[in-house]
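> Mind folding the following:
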Amino acid sequence: MQFRQQALAKLQSPEELDLPVRFARPQGWLVLSVTVIAMAAASVWALTGSVSSTVGAPAVLTYGQGSYVLQSPVAGQVTAVLAKEGERLPAGSPVLKVRAEGGDTVVRTLDAGRISALAASTGQIIGTGANVAAVERVTGGKAPLYATVYVPAESAAGIPAHASVDLTVQSVPSQEYGVLHGEVKSVDRSAQSAQQIAAFLGDTQLGEQFTKKGRPVAVTVALKKSSATKSGYAWSSAEGPPFELTSMTLASASIRLADRRPVDWLLP
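The predicted structure is shown next:
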């Protein structure tokens, strides 16, 4: 009863009713304001912003029609090498002479192009179907280079048309000359085998190398041109390297994927 009487007396006492009530300190209002502003900014960004991502993959600088592997139609001994590496030849040009049981046979190019590699030498014994040369299909003297990028199949679907590409060229110091700029021209929708890649590049080892982690998809990248550089292509540096680029040069590509809105990640 004594405590009850004290409580009632306290409630009936008007001695502190005229004092102002402080709901929060100024520091509390500041924290609340910052929190509200941050939440509002995050909401706006979630609705209007986007997140960029890239996919990295190995690449090769090639001409548009690729290469092919020239094979010997007969077995025998190579008696003469009639072409040189780097030489451009029309279709039907002699490359090797092979002495077989039925006489000498001349191995000729199938299509016009440049001899990028010779795999046979004078005196060598070869079998039927042996790879004797790799020939790039080049018709014009100023044919442009492209980059063929071998992207993992699971990432190919996210590559948009005309996506920007940065290429770190193996033979060019990137710290000094930067990266090569390009744009996606086309994306194959079927994964390629090691044999298909080797047939296009004219190199069996590259076919095996690019399929170690599965069959990739070939993405053709058009290199951006520039009259201000020695190579004739656009680089992240002002002048690029002081030399021209050659085909069958290896590179590493970074392809920008389609932008995605972060709000998509929050929706079920």
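> Can you show me the helices along the stretch 1-150 of the chain?
2-12, 26-48 (DSSP state H, counting those that start in this stretch).
> Can you give me the pLDDT of the closest residue to Gln71 other than its chain neighbours?
In space, Gln71 comes closest to Gly129 once its chain neighbours are excluded; the distance is 5.2 Å by C-beta to C-beta, 6 or more residues apart in numbering. The C-beta positions use only the backbone N, C-alpha and C, and glycine is treated the same way. Looking at Gly129, its pLDDT stands at 91.
> Pick out the shakiest of the helices of the stretch 1-150 of the chain, pLDDT-wise.
Among the helices of the stretch 1-150 of the chain, helix 2-12 scores lowest, at a mean of 55.
> any idea where the strands of the stretch 151-268 of the chain begin and end?
In the stretch 151-268 of the chain, strands defined by DSSP state E, counting those that start in this stretch lie at 164-169, 180-187, 216-223, 249-256, listed in chain order.
> The stretch 1-150 of the chain now?
Using DSSP E, counting those that start in this stretch, strands in the stretch 1-150 of the chain cover 54-63, 67-71, 76-81, 88-89, 94-100, 103-108, 113-118, 125-126, 131-136, 145-152.
> Low-confidence stretches in the stretch 1-150 of the chain?
Counting by pLDDT under 70, the stretch 1-150 of the chain contains low-confidence residues at 1-52, 139-141.
> Quick check: end-to-end length of stretch 228-241?
11 Å (C-alpha to C-alpha, to the nearest Å).
> what residues does it touch?
145, 166, 172-173, 176-181, 223-226, 242-245 (C-beta atoms under 8 Å, 6 or more residues apart in numbering).
> Now list the buried members of these.
Leu145, Asp166, Val172, Tyr177, Gly178, Val179, Leu180, His181, Leu223, Ser226, Leu245 (16 or more other C-beta atoms under 10 Å).
> would JSON lines of those residues with distance to Ser93 be doable?
Formatted as JSON lines, the buried ones among the contacts of stretch 228-241 follow (distance: C-beta to C-beta, whole Å):
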{"residue": "Leu145", "distance to Ser93": "23"}
{"residue": "Asp166", "distance to Ser93": "38"}
{"residue": "Val172", "distance to Ser93": "32"}
{"residue": "Tyr177", "distance to Ser93": "36"}
{"residue": "Gly178", "distance to Ser93": "39"}
{"residue": "Val179", "distance to Ser93": "37"}
{"residue": "Leu180", "distance to Ser93": "32"}
{"residue": "His181", "distance to Ser93": "36"}
{"residue": "Leu223", "distance to Ser93": "29"}
{"residue": "Ser226", "distance to Ser93": "34"}
{"residue": "Leu245", "distance to Ser93": "25"}
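> and of those residues, the nearest to Ile255?
Asp166 (8.4 Å; C-beta to C-beta).
> I'd guessed that closest one sits against Ser254; true?
Yes - if you go by C-beta atoms under 8 Å, Asp166 and Ser254 touch, sitting 4.7 Å apart.
> I appreciate the help and will end here.
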